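Novice: Sequence plus the predicted model coming up.
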Amino acid sequence: MRAHRCGLALGCALATLFACSSEPPPQPEPFRPDQICPSPQCPDTGDTQLRVGFAQAPINATPENSAFDPNGDLKDWQDLNCDDHWQLGETQNPRPSGVWIFNGPRRPMLGIRTEGGDGLEARTIVVKTHGLVLALSQVDLGGYFRERMDHVRDLLRANGDHVDLVVIGSTHNHEAPDTIGIFGRDDANPGVDLRWEDFVDAQIASTIHQALAALEPATLTIGQARVEDAGSDMSHYVGDSRDPVVIDNMLTLFLFKRPADGAPLAALVNWAAHPDDTHFANHLLSAGYPHFLRDGLEQGFTRLGTTYPPLAPHVLFMQGPLGGQIGPGFQVHAIDDQGNAVHKCTQPQHPPARGCPDPARPGQFIQVTPDDCFIFEQAIGHGAATFAHKALAQGATTIADVPISWRSKRFKAHVDNVGFQVALLAGLINTKEIFDFDRTKPIDMDNRPNVLTEVHYVRLGPASFMTAPGELHPELFVGGYDGSRAGTYPIIKPDNPNPPDLSRAPKPPYVCNLMEGEYRFTLGCTSDYLGYIVAEFNFELVDPSMGTPWLDEPPGDHYEETRSISRFAETEIVGTQKKLLSYGTAAAPTACPGR
């Protein structure tokens, strides 16, 4: 054995670099944010007048801005097995073109849901205070890459629009076109429509431009409420289908008002839940429950006998830490505005042009009411909206002078997921840049694809938020391994065949403990989209003897690993968040208020 000199065979490749070299191992560069504001480069002017502006724009895929053709290849689609997914032989053209919906698979778009003003939008709130300008934008999409956001920033610069910090997030909507590339017609064709994505970028830039032009004096009221009924019961609103059950159910509200008369101008709502309530049975573009949440707060609604007046004329919803299947999974028992139980739809809700064959009537087709799927979406959206009113009513804080500061960091993260590696190298994920990778050499620990991503920590008066470039598991934000964030759900399901070992769970401080201010929250799927950010202690791949790692799931709750970039995402992404939070401060970690 050669273990004495360089270690065992596996370790020798690494040890050769350091232990057996006359050169000392390279030292990492000291951590430093890329941008710190205020600073000489972005000074606080001393102008304490808070100003706010809002704008919105449609981003639906249409024949005018995309490859979608309502009279094209999918017009004759007959869903032979009625599973809502296109398969070879179901259209005359074996390679149909069209718009393919996020997290399909092979789920073609057949139209746009327009009832009640539904549809996909880009929405923006611009805040100007102390001379600094922050743009917060959201798109009703499954995810949006950092590269596209850089394009938006380029468009703003070309237009002469001055914004000090642009933060763009997605709602993680499952009823929108594929923006990743892996949900197209088949494994050889990306699902991304580049023409349409350029249109989306332009619409986001346009909303920021319009919001800048609409800036007017404002005050800010901030409130929070936990989305739950008596006894910490969240079962009407949100659940978690992955053990350990940890849910950050805090809803945060920013309400901007006109100082002269107290009239509401705009609101921002942050809450965490997957918008996937149609259960992949829908073919209409829709914003999902965020549409009903926004519309309810803008127009008013009546729920369970209580009438809720309009809260603000314009509402921006930004997603929270929804990783680990946070959302209206099948453990949620939603109720409609009248108190009746409603269920996630499991039947085709907007059938293909030729419908689904009816086995009971040969030659006939099943007819389904197109809007059935969205009853559940409305129940979740209106249910959450009631807690925005509660946040305003229970001890909210109103301020006129709103100091602002932030720290930002760009960094590289490894892509170890074999499925993602193949998709990147094959061009399916065709809008994501790869760094530090030699395509002429095999992939190994010394030749692993990297992607460039970013995080931002922003303080706004007594509030602070941290962005997460993907679906952050909430336990990495707030902890909760003691069951304190599970509500009435068991922290571990009794029938879980492979439960997590909570004795190995990370100890505090968690991200929220390192933040400052009375109101703390995170913006999930923001500034990039890198899939699930899973706690490393509970990261498990299938044994190769039982399946293909990264593609197949091991027993228990481990789907998220197949949609995560790396086992080390916690170290690389959350670790960077913590460094950003700790930079330049000696403050001790504190309890996360309200949680």
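Specialist: The structure has been received and is ready for your questions. Everything quoted here is computed from the prediction, not taken from an experiment.

Novice: okay, now Q394: neighbour count?
Specialist: When neighbours are defined as other C-beta atoms under 10 Å, Q394 has 11 of them. From N, CA and C alone the C-beta is placed, and that goes for glycine too.

Novice: next one: A266
Specialist: So A266, with other C-beta under 10 Å, has 26 neighbours.

Novice: Off-centre distance for stretch 519-533?
Specialist: Distance of stretch 519-533 from its chain centroid, counting by C-alpha atoms, centre = their mean, to the nearest Å, is 6 Å.

Novice: and that stretch, C-alpha only, in CSV?
Specialist: Written as CSV, here are the backbone C-alpha positions of stretch 519-533 (Å, rounded to 0.1, in the frame of the first residue of the first chain):
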residue,chain,number,x,y,z
TYR,A,519,-39.1,42.6,10.1
ARG,A,520,-36.9,39.9,8.4
PHE,A,521,-37.7,37.9,5.3
THR,A,522,-36.2,36.2,2.3
LEU,A,523,-37.0,36.6,-1.4
GLY,A,524,-36.9,33.1,-2.9
CYS,A,525,-36.2,32.4,-6.6
THR,A,526,-34.7,35.8,-6.8
SER,A,527,-31.7,37.1,-8.8
ASP,A,528,-31.3,33.7,-10.4
TYR,A,529,-32.8,30.2,-10.5
LEU,A,530,-30.6,27.3,-9.4
GLY,A,531,-33.3,24.8,-8.3
TYR,A,532,-33.6,23.5,-4.8
ILE,A,533,-31.1,24.6,-2.1
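
Novice: For it, give the mean pLDDT please.
Specialist: Stretch 519-533 carries an average pLDDT of 98.

Novice: where exactly do the strands run in the stretch 401-550 of the chain?
Specialist: Per DSSP state E, counting those that start in this stretch, the stretch 401-550 of the chain carries strands over the ranges 404-414, 450-460, 463-467, 471-472, 519-523, 532-533.

Novice: give me the element S206 is part of.
Specialist: S206 belongs to helix 194-213 when assigned by DSSP states H and E.

Novice: Show the subsequent helix or strand relative to that helix.
Specialist: From helix 194-213, the next helix or strand downstream (DSSP H and E) is strand 216-217.

Novice: So which elements touch the helix or strand following that following strand?
Specialist: Counting by DSSP H and E, the next helix or strand C-terminal to strand 216-217 is strand 219-226. Counting contacts by 3 or more C-beta pairs under 8 Å, 6 or more residues apart in numbering; DSSP states H and E, strand 219-226 packs against strand 250-257, helix 374-393, strand 397-399, strand 519-523.

Novice: Report all helices and strands that the third one contacts.
Specialist: Put plainly, it is strand 397-399. strand 219-226.

Novice: now the strand it packs on: mean pLDDT?
Specialist: The average pLDDT for strand 219-226 rounds to 98.

Novice: Run me through the strand neighbours of it, direction for each.
Specialist: strand 250-257 (antiparallel), strand 397-399 (antiparallel) (DSSP bridges).

Novice: got the buried residues for it?
Specialist: For strand 219-226, the neighbour count (16 or more other C-beta atoms under 10 Å) marks T219, L220, T221, I222, G223, Q224, A225, R226 as buried.

Novice: Need those residues in JSON lines (columns: distance to I112).
Specialist: Shown next, in JSON lines, are the buried residues of strand 219-226 (distance: C-beta to C-beta, whole Å):
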{"residue": "T219", "distance to I112": "37"}
{"residue": "L220", "distance to I112": "34"}
{"residue": "T221", "distance to I112": "35"}
{"residue": "I222", "distance to I112": "35"}
{"residue": "G223", "distance to I112": "34"}
{"residue": "Q224", "distance to I112": "34"}
{"residue": "A225", "distance to I112": "33"}
{"residue": "R226", "distance to I112": "35"}
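
Novice: how many neighbours does the closest residue to V418 other than its chain neighbours have?
Specialist: Excluding the flanking residues, the one nearest V418 by C-beta to C-beta, 6 or more residues apart in numbering is W550, at 4.4 Å. W550: 19 surrounding residues under other C-beta under 10 Å.

Novice: Same check on S405?
Specialist: For S405, the count of nearby residues is 18 (other C-beta under 10 Å).

Novice: where's the closest residue to it other than its chain neighbours relative to K257, distance?
Specialist: Distance criterion C-beta to C-beta, 6+ apart; nearest residue to S405, sequence neighbours excluded, is R459 at 4.8 Å. Per C-beta to C-beta, to the nearest Å, R459 is found 21 Å from K257.

Novice: Low-confidence bits of the stretch 251-400 of the chain, can you list those?
Specialist: Scanning the stretch 251-400 of the chain with the threshold set as pLDDT under 70 gives 279, 345-357, 365-373.

Novice: before we move on, back to that, so which of the buried residues of strand 219-226 comes closest to I204?
Specialist: Nearest to I204 among these is L220, at 23.4 Å by C-beta to C-beta.
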